[in-house]
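*Asks:* got a structure for you, letters missing:
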């Protein structure tokens, strides 16, 4: 089942509408390929943009941090935020400066924050975050203690409206520029997994868990995160 | 010469102050390693976060886009914004869930926007953007025309205050957790350059320009951008 977000005054794509979409599957696809979002919020007319790790469950986004954080204290009271996720996929080198561009995918998602304060709901959401990234890892860890959970604030935001934008294509020079003697093309950019570094204090008998298998050296992070999110939403398929 | 930004109410790092810095060299180092920032601004109490390409010259940041863009129309009138740049360097897998973390570098920079409307200043700044990424390329391109320049808005922001944050280290488990039988370590994340794709309509006699030499397949994008910014600020050294 795939729905669509309704265009709103906040999300209506006015320029190059062909590059924009309100399609839920497209919005979720871009969200699920990332791990850090940029949360924007306004306090007394001043905007703040905080990068933070997030996860998605249905139409809800979650993030967390120290209960002492100014951002989370403000958001715990409930406020309108804009959560933006972007992926840079390449540079586009056209034959003239104003057609220079980037290949990218991005989502702007709007909603109101709420605090998840119930200890059981908090624990369950934190375990979901761990397992969304590393399937089943929450059960391998030393369990979270109540005072540890109490020291963090967990924020949820139901996406009220959202839009996705993107550009995949290379240079789009106008016809008359094609003969201009200047190199043109694209430089792809990829975010990938490096070689895993065990903790120097790791006991010698602890092998790399199989739930890290997708984090193979050289794998594209967006692919890894996308596959993991599918497994997280359809646990019957993998675990 | 390296200065420092003064901590302000907007940037004061209250939590984990050891992870934060107002040092200009550190702030610039994180800014210079990136190409896409997240610009936050507030309209009627609603925050918006727009990802966009940026460049730095001294304490000024620049970005641009269609003159028809809502964001740029609002910013052209002058408004307080927060520009955030972040780099994800890895996942930290600790032995308990609430010490799970990311390795990252980020900057939040605050200031007021201004429109650069003078055609000569606009052309010069756009050429600087091109040359900051691809040294000398602005002189190889079909020159920008006045109506093309008129169709974009160029925004500048002088950084009034800024803070940098980061985490490099792996798991920081408490002593008593070190013997817990769970794998711990870090998964590095790298953003790298892929294999360059020439425009399919490129004339056969146009070789790859030498000013793309740093964009070698597999090179780390943050390293490439950092080296290019050094050359851009000290043109005597390279061109």
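*Replies:* That came through fine. If you're wondering where the values come from, they're calculated on a predicted model, not measured in any experiment.
*Asks:* helix, strand or coil: sort out residue A:39 for me.
*Replies:* The three-state assignment at residue A:39 reads strand, by DSSP: H, G, I helix; E, B strand; the rest coil.
*Asks:* what about the strands in chain A?
*Replies:* Using DSSP state E, the strands of chain A run over A:20-21, A:36-43, A:46-53, A:55-57, A:60-66, A:80-93, A:101-115, A:152-158, A:161-167, A:185-193, A:197-198.
*Asks:* show me the contacts for residue A:42.
*Replies:* Residue A:42 makes contacts with A:48, A:79, A:80, B:42, B:45, B:46, B:47, as judged by C-beta atoms under 8 Å, 6 or more residues apart in numbering or on different chains. Every C-beta, even on glycine, is put in place using the N, C-alpha and C of the backbone.
*Asks:* doesn't residue B:45 make contact with the third one?
*Replies:* Yes - in terms of C-beta atoms under 8 Å, residue A:80 counts as a neighbour of residue B:45; the distance is 6.8 Å.
*Asks:* the two: who's more crowded?
*Replies:* With neighbours defined as other C-beta atoms under 10 Å in any protein chain shown, residue A:80 and residue B:45 compare such that residue A:80 has more, 19 against 12.
*Asks:* which residue is nearest the middle of chain A?
*Replies:* Residue closest to the average C-alpha location in chain A (C-alpha atoms, centre = their mean): residue A:34, at 3.4 Å.
*Asks:* who touches that one in this structure?
*Replies:* A:54, A:85, A:86, A:87, A:222, A:225.
*Asks:* next, give phi and psi for it.
*Replies:* Per-residue torsions, residue A:34: phi -130, psi 170 (degrees, to the nearest 10).
*Asks:* contacting residues for residue A:165?
*Replies:* A:13, A:19, A:20, A:21, A:104, A:105, A:106, A:107.
*Asks:* keep only those residues that also lie close to chain B.
*Replies:* A:104, A:106 (C-beta under 8 Å from any C-beta of the partner chain).
*Asks:* so among the contacts of residue A:165, which ones count as buried?
*Replies:* Buried subset of these (neighbour count, 16 or more other C-beta atoms under 10 Å in any protein chain shown): A:13, A:20, A:21, A:104, A:105, A:106, A:107.
*Asks:* so what's the fifth one bridging to?
*Replies:* With beta bridges defined as DSSP bridges, residue A:105 has these partners: residue A:87, residue A:166.
*Asks:* where does residue A:136 land on pLDDT?
*Replies:* Predicted confidence (pLDDT) for residue A:136: 97.
*Asks:* burial count for it?
*Replies:* Neighbours of residue A:136 (other C-beta under 10 Å): 14.
*Asks:* related to what we said a few turns ago, which of the buried ones among the contacts of residue A:165 lies closest to residue A:117?
*Replies:* Nearest to residue A:117 among those: residue A:107, at 27.3 Å, using C-beta to C-beta.
*Asks:* neighbouring contacts of stretch A:50-65?
*Replies:* A:28, A:31-32, A:34-39, A:41, A:71-72, A:83, A:85, A:109, A:111, A:116, A:125-126, A:128-129, A:132-133, A:152-159, A:229, B:38, B:84, B:86, B:102, B:104, B:106, B:108.
*Asks:* is residue A:80 in a bridge, and if so with what?
*Replies:* With DSSP bridges as the rule, residue A:80 is bridged to residue A:112.
*Asks:* OK, contacts around it?
*Replies:* Per C-beta under 8 Å, 6+ apart, neighbours of residue A:80: A:41, A:42, A:110, A:111, A:112, B:45, B:46, B:47.
*Asks:* relative to residue A:51, how far out is it?
*Replies:* 19 Å (C-beta to C-beta, to the nearest Å).
*Asks:* where is the longest helix in chain A?
*Replies:* Ranked by residue count and defined by DSSP state H, the top helix of chain A is helix A:119-133.
*Asks:* starting at the chain centroid, how far to the worst-scoring helix or strand of chain A on mean pLDDT?
*Replies:* Taking mean pLDDT, DSSP states H and E as the measure, strand A:20-21 is the helix or strand of chain A with the lowest mean score, a mean of 86. Centroid separation between strand A:20-21 and its chain, computed with C-alpha atoms, centre = their mean, to the nearest Å, is 17 Å.
*Asks:* try stretch A:134-144
*Replies:* Per C-alpha atoms, centre = their mean, the centroid offset for stretch A:134-144 relative to its chain is 22 Å.
*Asks:* again, but for stretch A:176-185
*Replies:* On C-alpha atoms, centre = their mean, the centre of stretch A:176-185 falls 36 Å from that of its chain.
*Asks:* cool, and stretch A:120-129?
*Replies:* Remark: stretch A:120-129 is offset 18 Å from the chain centroid, using C-alpha atoms, centre = their mean.
*Asks:* distance check, the closest residue to residue A:28 other than its chain neighbours against residue A:219.
*Replies:* Nearest residue to residue A:28 in three dimensions, chain neighbours excluded: residue A:56, at 6.8 Å (C-beta to C-beta, 6 or more residues apart in numbering or on different chains). From residue A:56 across to residue A:219, the span is 21 Å (C-beta to C-beta).
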